[in-house]
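Peer 1: Provided below for reference: sequence and predicted model.
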Amino acid sequence: MKIRISFSQEVREVLLWCLPALLVGLALRVAMEISLPYGYIAFDTADFLLTPFKFLTKHHYVIHPKKAFLSPLFFTIPFLLHIPALIFIPTAQHLMALLEVVLAGALIRLWFPFWRWIILPATLLIAAYPWQLWYEQTLMGEANYVFFLFLVALTGTWWAARPNGWRLAAFALTLFLISGTRAEGKLILLYGAALVPLVYWRHWKMMALGLASLAGVVIAANRSGGGGDHAYSLLYATLFRLTPDELRCEPGLTPYLIPLRDQVRQEGEYSTGLVALAKEINARVAAYQHDKQGVATFDRVKVADMDRKLCIEVLTRDPLAIPIIPLIKFRLASDAWPSGSRFDETALHPVQIKAVERLSGTDAMSGGLIGRKLDKAGWATFINTEYDPAKIAWFDQYQDAWARCLVALRLPDRHLTYQRSVHDFISTIPHPYWFEPGVPIYFLLAFAGMAASFFIPTPLRRVQAAWIGTMLFTWYCATMVGVTNARFRFGYEPFCYIYAIAAIVFVIAGIRRLISRPRAVDDKLPAPST
């Protein structure tokens with residue numbers, strides 16, 4: 001699959017066509033930094049900052065078991081450099097997002113024959129995407145994940161276009177890095193598993209070398225710490241309503257779980273309080289292990305092992321009911337904000353103060369976060385003083401307007417007989433708790449654009465198909481395991497913008513081709529019969 005690509009001209013073209021998006025993105029990010037000079041501390045931030053806390057106080061390398069390794073290590077850098085982390089981290093993430101715009105432009109340049117029609121609107125949407133800005137300003141791992149999604153897609157395409165050892169090494173490195181951004185990042189390794197056979201088909205020695213490289217990436221990623229040990233717990237909470245009346249894997253557990261299962265079934269189509277439900281299930285599993293198996297205290301490893309067995313039993317006994325679950329969860333949250341929060345008074349002050357209280361060693365960490373030590377009262381004063389909801393109110397209005405535009409065109413809504421509940425729920429449709437919105441049209445356009453890309457005759461069509469398949473599968477699995485909210489589409493929505501615009505361009509190009517096709521005209525018409 002060798003394709004000769006001269007990068008000098010292509011790089012200049014990409015930068016030129018991305019320039020409007022870069023200017024818009026830069027203006028939005030400068031406005032964000034002026035309105036909110038310090039990064040936002042979310043509830044999950046404490047899990048990421050456990051790594052710098054342990055390293056600085058105990059000189060131990062520790063990754064929170066619910067998190068992957070890269071973002072905690074990235075968040076440790078400003079502590080080592082003695083730069084206030086609440087300034088360094090959002091600034092670095094804003095710069096990465098601007099580079100992400102160029103990566104997106106380069107992908108469009110490589111992937112699509114009509115790239116000039118697609119690159120300008122697509123990069124503008126990616127640069128102005130409000131929830132990307134929200135995560136860039138927040139001390140969480142989502143912004144890093146999206147950046148590495150684009151980087152992995154590009155390095156894989158770059159290597160497949162002209163395969164050599166150095167490009168394969170760069171591709172393997174980016175696969176390793178994305179596996180450290182979020183738990184589902186490890187599924188992106190399937191992109192490499194699909195590309196290696198495509199690139200080295202019938203070159204068996206090179207294929208073996210490529211697969212060996214991927215195996216090394218998998219081993220290194222698994223040994224780097226973290227990775228989300230709560231996955232089975234959340235997955236079983238998702239599948240819980242499908243629990244059979246009699247459990248084969250652990251018959252004695254049945255009376256502990258069935259009453260709760262019956263209660264969940266009465267709540268609606270799918271329970272959205274999956275975190276609370278998972279905790280309740282685990283508490284009942286732990287009670288069973290204490291009563292019947294003599295386990296003295298709550299044993300996280302044994303509970304997780306039981307969750308795994310329960311997941312396997314449900315998956316094998318009712319396989320036909322499983323595939324639609326992520327589609328239902330996606331539909332329930334299709335109108336929700338992927339950020340899940342406004343930057344209003346509640347989020348900036350009381351919610352953030354509670355988030356700070358979760359930090360390990362709050363007093364010790366304050367020096368690395370803002371450059372001076374603060375106690376609990378000092379943190380409250382700092383937050384109430386430095387985070388001004390009035391200055392950032394424009395951004396909430398921006399998020400709201402963007403959301404309204406996205407869901408304005410959608411399939412017909414469906415009235416619900418139960419109250420809809422979505423985790424971190426913000427919606428712009430009327431009566432959102434009692435109406436399930438139809439799927440927004442831009443998603444349908446995006447899926448149509450992805451399908452059309454399989455048939456557009458381009459040299460990198462198979463590479464693009466490998467990426468689309470990997471991305472959709474990862475999105476599907478993340479939605480299956482996670483709570484019912486819009487966060488799990490956050491990383492893939494920018495690609496939906498690209499493919500939605502591509503679908504429109506494909507239709508326009510097809511119509512133009514039909515109109516311009518010359519018609520065969522036969523001047524010698526047969527004489528009319530008499």
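Peer 2: Thanks, I have it.

Peer 1: So L214 versus L95, what's the distance?
Peer 2: Here the criterion is C-beta to C-beta, to the nearest Å. By it, L214 lies 30 Å from L95. All C-beta atoms are positioned from the backbone trio N, CA, C, and that covers glycine.

Peer 1: residues near Y236, how many?
Peer 2: 30 (other C-beta atoms under 10 Å).

Peer 1: isn't it right next to K279, touching?
Peer 2: No - the pair Y236 / K279 is not scored as a contact, 11.9 Å apart, by C-beta atoms under 8 Å.

Peer 1: Counting by contacts, list what the longest helix seen in the chain packs against.
Peer 2: Scanning the chain for the longest helix, with DSSP state H as the assignment, gives helix 7-35. Judged by 3 or more C-beta pairs under 8 Å, 6 or more residues apart in numbering; DSSP states H and E, helix 7-35 is in contact with helix 85-111, helix 115-128, helix 130-137, helix 393-408.

Peer 1: what do you get if the cut-off is 7 Å, keeping everything else the same?
Peer 2: helix 85-111, helix 115-128, helix 130-137 (3 or more C-beta pairs under 7 Å, 6 or more residues apart in numbering; DSSP states H and E).

Peer 1: Most tightly packed of those?
Peer 2: helix 130-137 (a mean of 25; mean count of other C-beta atoms under 10 Å).

Peer 1: pLDDT on that helix, on average?
Peer 2: Here helix 130-137 scores 96 as its mean pLDDT.

Peer 1: so what secondary structure elements neighbour whichever helix or strand comes after it?
Peer 2: Scanning forward in sequence from helix 130-137 by DSSP states H and E, the next helix or strand is helix 142-161. Helices and strands touching helix 142-161, by 3+ C-beta pairs under 7 Å, 6+ apart, are helix 70-81, helix 85-111, helix 130-137, helix 165-178, helix 189-199, helix 461-481.

Peer 1: Now with 6 Å, please.
Peer 2: On a contact count with 3 or more C-beta pairs under 6 Å, 6 or more residues apart in numbering; DSSP states H and E, helix 142-161 meets helix 85-111, helix 130-137, helix 165-178, helix 189-199, helix 461-481.

Peer 1: quick check: mean pLDDT across that helix?
Peer 2: Helix 142-161 shows a mean pLDDT of 95.

Peer 1: Any chance you could list what contacts it?
Peer 2: By C-beta atoms under 6 Å, 6 or more residues apart in numbering, the residues outside helix 142-161 that reach it are 1, 3, 5, 71, 93, 96, 100, 103-104, 106-107, 110, 135-136, 167-168, 170-171, 174, 177-178, 181-182, 188, 191, 195, 199, 463, 467, 490-491.

Peer 1: you'd agree P163 is in a strand?
Peer 2: No - per DSSP: H, G, I helix; E, B strand; the rest coil, P163 lies outside any strand segment and is coil.

Peer 1: those helices in the stretch 301-450 of the chain, which residues are they?
Peer 2: 325-332, 345-346, 352-357, 362-370, 376-386, 393-408, 441-453 (DSSP state H, counting those that start in this stretch).

Peer 1: Which one, of those, ends up nearest to T417?
Peer 2: helix 325-332 (14.1 Å; C-beta to C-beta).

Peer 1: returning to what we had before: could you redo the helices of the stretch 301-450 of the chain as a markdown table and give each row mean neighbour count, mean pLDDT and distance to Y499?
Peer 2: Output for the helices of the stretch 301-450 of the chain, formatted as a markdown table (neighbours: other C-beta atoms under 10 Å; pLDDT from 0 to 100; distance: least, C-beta to C-beta, whole Å):
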| stretch | mean neighbour count | mean pLDDT | distance to Y499 |
| --- | --- | --- | --- |
| helix 325-332 | 18 | 90 | 16 |
| helix 345-346 | 14 | 96 | 36 |
| helix 352-357 | 17 | 94 | 36 |
| helix 362-370 | 20 | 84 | 39 |
| helix 376-386 | 14 | 93 | 40 |
| helix 393-408 | 16 | 96 | 15 |
| helix 441-453 | 19 | 95 | 3 |
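
Peer 1: I'd like to know which of those helices lies nearest to F425.
Peer 2: helix 325-332 (9.7 Å).

Peer 1: Name the surrounding residues that touch the closest one.
Peer 2: Contacting residues not belonging to helix 325-332 are listed as Y270, Y476, T479, M480, T484 [C-beta under 6 Å, 6+ apart].

Peer 1: With Y129 as the reference, measure out to A355.
Peer 2: On the measure of C-beta to C-beta, A355 and Y129 end up 24 Å apart.

Peer 1: Could you do Y433 as well?
Peer 2: Separation of Y433 from Y129 (C-beta to C-beta): 26 Å.

Peer 1: who has more neighbours, these two?
Peer 2: Higher neighbour count among Y433 and Y129: Y129, with 23 against 13, using other C-beta under 10 Å.

Peer 1: From L103, how far out is the more buried one?
Peer 2: Relative to L103, and taking C-beta to C-beta, Y129 is found at 14 Å.

Peer 1: returning to that earlier point: quick check: which of the helices of the stretch 301-450 of the chain is nearest to E33?
Peer 2: Closest approach to E33 among those (C-beta to C-beta): helix 393-408, 11.6 Å.

Peer 1: now for the closest one, which elements pack on it?
Peer 2: helix 130-137.

Peer 1: Kindly recompute the last result at 8 Å.
Peer 2: Using 3+ C-beta pairs under 8 Å, 6+ apart: helix 393-408 touches helix 7-35, helix 130-137.

Peer 1: Pick the most buried one from those.
Peer 2: helix 130-137 (a mean of 25).

Peer 1: okay, and for the protein, where does confidence drop off?
Peer 2: 1-7, 225-230, 268-272, 518-530 (pLDDT under 70).

Peer 1: Please parse it into its domains.
Peer 2: 7-224, 231-332 (automatic domain parsing).

Peer 1: And these: which comes nearest A503?
Peer 2: Nearest to A503, of the domains of the chain and by C-beta to C-beta, is domain 7-224 at 10.0 Å.

Peer 1: which residues sit against stretch 294-311?
Peer 2: 229-230, 232-233, 235-236, 239, 243, 247, 249-250, 253, 281-282, 285-286, 289-290 (C-beta atoms under 8 Å, 6 or more residues apart in numbering).

Peer 1: can I get the CA coordinates of it in PDB?
Peer 2: Presented in PDB, the C-alpha positions along stretch 294-311 are these (Å, rounded to 0.1, in the frame of the first residue of the first chain):
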ATOM      1  CA  GLY A 294     -16.800 -16.400  55.600                       C
ATOM      2  CA  VAL A 295     -15.200 -13.300  54.100                       C
ATOM      3  CA  ALA A 296     -14.600 -11.100  57.000                       C
ATOM      4  CA  THR A 297     -14.500  -7.600  55.300                       C
ATOM      5  CA  PHE A 298     -15.200  -6.100  52.000                       C
ATOM      6  CA  ASP A 299     -12.700  -7.600  49.600                       C
ATOM      7  CA  ARG A 300     -12.500  -5.600  46.400                       C
ATOM      8  CA  VAL A 301     -10.700  -8.300  44.400                       C
ATOM      9  CA  LYS A 302     -13.300 -11.000  45.300                       C
ATOM     10  CA  VAL A 303     -16.200  -8.700  44.600                       C
ATOM     11  CA  ALA A 304     -14.700  -7.800  41.200                       C
ATOM     12  CA  ASP A 305     -14.200 -11.500  40.400                       C
ATOM     13  CA  MET A 306     -17.900 -12.200  41.300                       C
ATOM     14  CA  ASP A 307     -19.000  -9.200  39.100                       C
ATOM     15  CA  ARG A 308     -17.000 -10.800  36.200                       C
ATOM     16  CA  LYS A 309     -18.700 -14.200  36.600                       C
ATOM     17  CA  LEU A 310     -22.100 -12.500  36.700                       C
ATOM     18  CA  CYS A 311     -21.400 -10.500  33.600                       C
END
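
Peer 1: Fine by me, we can end here.
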